[in-house]
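**Student:** below are the sequence and a predicted model for it; my questions follow.
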Amino acid sequence: MRTKFVAGNWKMNTTLSEAKALAAAVAKGVSPTCPVIVAVCPPFPWLAAVGEVVSGSPVALGAQDVHFEKKGAYTGEVSPAMLKEAGCKYVIIGHSERRHQLGESDAAVNHKVHTALEEGMHVILCMGETLAERERNLQERVFQRQVYAACAGLSDEQFSRLTIAYEPVWAIGTGKVATPEQAQTAHAFVRERLRVVYGAPIANAVSILYGGSVTPENAAGLLHQPDVDGALVGGASLKADQFLAIANAATAP
Ligand code: PGA
């Protein structure tokens, strides 16, 4: 059975004091017996401080990106080893804001996924179609291309540390959420594609989160779909009460 997972992507938001207060409120609100994995992903400069705040709590720490090389002359970049030393277990890779605003390619995403997994991290791999692609009914082609490109060459053990986040680009930060049926259809398709190439045990074990305008109001409908294993939350993760309400929606049977 897949464990439900709710991760907060804070993006380029919060001051240091806001980040520490938000992390403290989230850590306080997640009980040690919580059956859902809860993670927060603050901006790079706040990782170590937020890591200290959540240490000893059930809340895990994640980063929003990582470089595809392990070390070297890469000005401005951050390696998996640095993230781990700052306390991160998770790293988000291939977010649509990086793919579309910064030109991150499928090949770069695959390289990052490999490096992060080789260095022992858990990866949250983002994928999803743009509005133009959905309007032309190309979403399944896009899912297949993104998933196969990102996962190429992974071992069975590496798949056990991979989570996929389906985030339709038209739903991110727009207030336009996918319907539970749209999310379920997309997740089932991705799982089926994984089954075809990697086999049923891997396809059934990989968690697939939904992301894109998740709120406390729409979370339960999404999270109760059979192939929706959690949520990657942007805007609503900046308010502890909203983020905790989404995590609670994931706990309900
Ligand atoms: P949103 O962002 O919840 O603000 O739509 C989700 C994401 O980009 O991960």
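**Tutor:** Happy to help now that I have it.
**Student:** quick one: residue 144 from the ligand, how far?
**Tutor:** 21 Å (CB to the nearest ligand atom, to the nearest Å). Just so you know, the C-beta spots here come from the backbone N, C-alpha and C atoms, and that holds for glycine as well.
**Student:** wait, is that residue part of a helix?
**Tutor:** Yes. The assignment for residue 144, made by DSSP: H, G, I helix; E, B strand; the rest coil, places it in a helix.
**Student:** need the pLDDT of residue 253.
**Tutor:** We note a pLDDT of 69 for residue 253 in this prediction.
**Student:** ugh, wrong one, I meant residue 1
**Tutor:** Value listed for residue 1 in the pLDDT field: 81.
**Student:** of all of the protein, which residue lies closest to the ligand?
**Tutor:** Nearest to the ligand, among the residues of the chain, is residue 234, at 2.2 Å (CB to the nearest ligand atom).
**Student:** how about that residue, what does it touch?
**Tutor:** 8-9, 11, 172-173, 211 (CB atoms under 8 Å, 6 or more residues apart in numbering).
**Student:** the same query, at a cut-off of 6 Å, please.
**Tutor:** Counting by CB atoms under 6 Å, 6 or more residues apart in numbering, residue 234 touches residue 9.
**Student:** what sits against the residue of the chain positioned farthest from its centre?
**Tutor:** The outermost residue of the chain relative to its centre, with distances by CA atoms, centre = their mean, is residue 73 at 27.7 Å. Listed by CB under 6 Å, 6+ apart, the contact set of residue 73 is empty.
**Student:** quick one: stretch 35-43 to chain centroid distance?
**Tutor:** Relative to its chain's centre, stretch 35-43 lies at 9 Å (CA atoms, centre = their mean, to the nearest Å).
**Student:** pull out the buried positions in that stretch.
**Tutor:** Buried positions in stretch 35-43, judged by neighbour count with 16 or more other CB atoms under 10 Å: 36-43.
**Student:** looking at these, which are in strands?
**Tutor:** Judged by DSSP state E, the subset of the buried residues of stretch 35-43 located in strands is 37-41.
**Student:** restrict the residues you listed to those near the ligand?
**Tutor:** Among these, none lies close to the ligand by the criterion of CB under 6 Å from any ligand atom.
**Student:** export these as JSON lines, with columns for pLDDT.
**Tutor:** Compiled in JSON lines, these are given as follows (pLDDT from 0 to 100):
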{"residue": "37", "pLDDT": "97"}
{"residue": "38", "pLDDT": "98"}
{"residue": "39", "pLDDT": "98"}
{"residue": "40", "pLDDT": "98"}
{"residue": "41", "pLDDT": "99"}
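**Student:** ok, how many other residues are close to residue 66?
**Tutor:** The tally of other residues near residue 66 (other CB atoms under 10 Å) stands at 25.
**Student:** do the same with residue 219
**Tutor:** By other CB under 10 Å, the residues close to residue 219 number 26.
**Student:** and it, what helix or strand is that in?
**Tutor:** Element membership for residue 219 (DSSP states H and E) is helix 216-223.
**Student:** buried sites along that helix?
**Tutor:** Within helix 216-223, the residues that count as buried by 16+ other CB under 10 Å are 216, 218-219, 222-223.
**Student:** tell me which helix or strand comes right after it.
**Tutor:** Next along from helix 216-223, by DSSP H and E: strand 230-233.
**Student:** which other helices and strands does that next one contact?
**Tutor:** Taking 3 or more CB pairs under 6 Å, 6 or more residues apart in numbering; DSSP states H and E as contact, the helices and strands that strand 230-233 lies on are strand 5-9, strand 207-211, helix 240-251.
**Student:** angle of the first one against strand 207-211?
**Tutor:** Right, the one you point to is strand 5-9. Here strand 5-9 points in a direction 40 degrees away from that of strand 207-211 (axes from the mean of the first three to the mean of the last three CA atoms, to 10 degrees).
**Student:** got a list of contacts for whichever helix or strand comes after strand 5-9?
**Tutor:** Next along the chain after strand 5-9, taking DSSP H and E as the criterion, comes helix 16-29. Residues outside helix 16-29 that contact it (CB under 6 Å, 6+ apart) are 40, 42, 46, 49-50, 53-54, 57, 59, 240, 244.
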